[in-house]
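**Student:** Pasting the sequence and the predicted coordinates here, then a few questions.
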Amino acid sequence: MYKKLFVLILITQVSICSFSQKIKFGIKGGATGARISGDAFNGEYKYGFHAGAFAEIGLGDKFALQPEVLFNQVSSDTASNVNEVYQNLFKNNVKLSYLSIPLLLSYKPSNILSVQAGPQFGILIDKSKNGIENGKSAFKSGDLSLLGGVQLHLSNFRIYGTYAIGLSNLNDVDDKDKWTSQNFQIGVGMTL
């Protein structure tokens, strides 16, 4: 299903690019605060970073499509009772690295402000070795989230903040507990 969704997003982006008049490319990066919710995790936000590239495809005066590709780091601490639930599957800290692909629709009520919303697909690319014992794969390889945020446009520079809430269950061990992600990002970007 995730491959079909990715192909659909790619086809949509290519078709919009071919009809679009204004296309800008840029880079962005900043801080990420993330947490994984569920009985196995303590639910506190841990901090990491994100970095990547984006395109802004104009869809008239007020709207734009902003596809992005970001490296995103997510960390979480396990709860004190995790060994009772999952029999030594985890140590204290879980660190995950995702390739995040948001597809945001931007509405610009003014020249310096845009409000954004859209889906974000995350592909798990790395699991920390100290987070999962015995080589067990506890997390699903994909994550679907809903993202919203604001962005300030200051000439070629951007300042942004986003919030994403996970829609899919990350637990690939069993059906005892549903694990979902939540994160917020703040950062700066620049069009090239």
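**Tutor:** Looks like it came in fine. Residues are numbered from 1 along each chain as shown.
**Student:** Which strands and helices lie in contact with the strand or helix carrying residue 57?
**Tutor:** Residue 57 belongs to strand 46-58 when elements are defined using DSSP states H and E. Packing partners of strand 46-58 (3 or more Cβ pairs under 8 Å, 6 or more residues apart in numbering; DSSP states H and E): helix 2-19, strand 23-37, strand 63-77, strand 93-107, strand 180-191. C-beta: built from backbone N, CA, C; applies to glycine.
**Student:** Near residue 122, how many other residues are there?
**Tutor:** Neighbourhood size, residue 122 [other Cβ atoms under 10 Å]: 28.
**Student:** what sits against it?
**Tutor:** 72, 98, 99, 100, 101, 142, 143, 144, 145, 181 (Cβ atoms under 8 Å, 6 or more residues apart in numbering).
**Student:** need the residues you listed in a markdown table with neighbour count, can you?
**Tutor:** Formatted as a markdown table, the contacts of residue 122 follow (neighbours: other Cβ atoms under 10 Å):
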| residue | neighbour count |
| --- | --- |
| 72 | 24 |
| 98 | 26 |
| 99 | 15 |
| 100 | 24 |
| 101 | 19 |
| 142 | 17 |
| 143 | 26 |
| 144 | 14 |
| 145 | 22 |
| 181 | 23 |
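**Student:** what's the closest of those to residue 24?
**Tutor:** Residue 24 lies nearest to residue 101 out of the contacts of residue 122, by Cβ to Cβ, at 18.3 Å.
**Student:** Go ahead and confirm the closest one touches residue 125.
**Tutor:** No: using Cβ atoms under 8 Å, residue 101 is not in contact with residue 125; the gap is 11.9 Å.
**Student:** Now do the contacts for residue 160.
**Tutor:** By Cβ under 8 Å, 6+ apart, the contact set of residue 160 is 28, 30, 149, 150, 151, 152, 185, 186, 187, 188, 189.
**Student:** ok so, going back, going by mean pLDDT, which of the helices and strands packed on strand 46-58 comes out lowest?
**Tutor:** For these, mean pLDDT drops lowest on helix 2-19, to a mean of 62.
**Student:** quick one on the thing from earlier: tell me which residues in the strand holding residue 57 are buried?
**Tutor:** Across strand 46-58, burial judged by 16 or more other Cβ atoms under 10 Å covers 46, 48, 50, 52, 54, 55, 56, 57, 58.
**Student:** Ok, stretch 141-154 next?
**Tutor:** For stretch 141-154, by 16+ other Cβ under 10 Å, it's 142, 143, 145, 147, 149, 151, 153.
**Student:** Of these, just say which sits nearest to residue 117.
**Tutor:** Once Cβ to Cβ is applied, the member of the buried residues of stretch 141-154 that ends up nearest residue 117 is residue 147, at 6.9 Å.
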